[in-house]
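K.L.:
Next input, structure requested:
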Amino acid sequence: MLEMRRLRLAAAAVLLGGMLLAGCGNGARLRQQSESGTPQPHHAAPLAIPPHSLVRRSCRAEAAVEPTPTRSFAALVRKDAGIRSAPEGGRILVRVGRIDQNGYPTVLGIVGGRTTAGTCRPDALEVQLPVPPNGRTGWISAGAVRVFRVSDRIMVDLSERRLVAYRNGKEALHVRVAVGAPSTPTPVGRYVVDERWLLENPNGPFGVAALGISAHSNVLHDWMEGGPIALHGTNEPAAIGQAVSHGCIRLTNANMRRLLPLAPAGTPVTIRR
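P.N.:
Residues are numbered from 1 along each chain as shown. This is a model prediction of the structure:
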């Protein structure tokens, strides 16, 4: 618990004044200029992980970490570790630390786990890779992370241009959104909220807040950090319902304020056509 409090305080205190929001609007990757070409000051929002969601290290709690329609699991990285291609002995695909390259606590979506014969606790967890290309997974030592449950989830329908957020399996928000333009489409797939940022100027191009997710553009390969994707507000509410972004999901500022408390770090995000 003390470790979680320290992480929350660290995240809330991070100020990245010299870093700029990524071009498609990702509050998680902050080193590029915005679509308007001007900086947008921001600061980290807390992880918002409820204390009761932390999984205690017991057989009953850790025997199964596979997601269900109403519950998923995520991992808060506790120490430097390599995510490998196999539970043991595989090559390192990417290295992660307690804090990511943008100064935010590192959060990974969990796909499943491997339990050693004769025990009931997983010794390795299969997680979504936080780097492009999309859809890849790897294995991280269970001892390098803290596992927590997530009862929220987000569904984005690109053809309908709608976002639906659920809490405990019940619909909590259903709104229209703007999506990627035909030349810079929003990537479909299963992702996770890995960063949460508050914008200090609600009238800027990214509105009041941005939720960074583990998705990356499939076409903007030359962008910093691989063209990361986010859910964020906007100063152009007339664009809602259209396909106009560089791949990010835009909400009105009012709806972004409603979404933020429904999307703690680790929330799974499914994007479909």
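
K.L.:
Regarding Pro261, what is its secondary structure?
P.N.:
Secondary structure, DSSP: H, G, I helix; E, B strand; the rest coil: Pro261 is helix.

K.L.:
meant to ask about Arg258, not that
P.N.:
From three-state DSSP, the assignment for Arg258 is helix.

K.L.:
Just give me the neighbour total for it.
P.N.:
15 (other Cβ atoms under 10 Å). The C-beta positions use only the backbone N, C-alpha and C, and glycine is treated the same way.

K.L.:
Hmm, it is touching Leu173, no?
P.N.:
Yes - contact criterion Cβ atoms under 8 Å: Arg258 and Leu173 qualify, at 5.5 Å.

K.L.:
Find the residue ranges of the stretch 101-250 of the chain scoring beneath the pLDDT cut-off.
P.N.:
116-121, 223-224, 226 (pLDDT under 70).

K.L.:
Tell me who's in contact with the nearest residue to Leu262 once chain neighbours are set aside.
P.N.:
Of all residues not flanking Leu262 in the chain, Ala165 sits nearest, at 4.5 Å (Cβ to Cβ, 6 or more residues apart in numbering). Applying Cβ atoms under 8 Å, 6 or more residues apart in numbering to Ala165 gives the contacts Asp152, Arg153, Ile154, Met155, Glu171, Ala172, Leu173, His174, Leu259, Leu262, Ala263.

K.L.:
Just the element for the third one, please.
P.N.:
The reference is to Ile154. When elements are assigned from DSSP states H and E, Ile154 belongs to strand 152-157.

K.L.:
Which strands and helices lie in contact with that strand?
P.N.:
Other helices and strands packing on strand 152-157, by 3 or more Cβ pairs under 8 Å, 6 or more residues apart in numbering; DSSP states H and E, are strand 162-167, strand 268-272.

K.L.:
now the following helix or strand past the first one against strand 162-167, angle please.
P.N.:
When you say that, I think you mean strand 162-167. Where DSSP H and E defines the elements, the next helix or strand beyond strand 162-167 is strand 170-176. Angle of strand 170-176 versus strand 162-167, following axes from the mean of the first three to the mean of the last three Cα atoms, to 10 degrees, is 160 degrees.

K.L.:
Restricting to C-alpha, output strand 170-176 in CSV.
P.N.:
Output of strand 170-176 as CSV, limited to C-alpha atoms (Å, rounded to 0.1, in the frame of the first residue of the first chain):
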residue,chain,number,x,y,z
LYS,A,170,-22.8,-1.9,-16.9
GLU,A,171,-22.9,0.9,-19.5
ALA,A,172,-21.7,4.1,-17.9
LEU,A,173,-21.1,6.4,-20.9
HIS,A,174,-22.2,6.3,-24.5
VAL,A,175,-21.0,9.1,-26.7
ARG,A,176,-20.2,10.2,-30.2
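
K.L.:
who touches Leu211 in this structure?
P.N.:
Contacts of Leu211 by Cβ under 8 Å, 6+ apart are Gly27, Ala28, Val193, Glu195, Arg196, Trp197, Ala230, Leu231, His232, Leu259, Leu260, Ala263.
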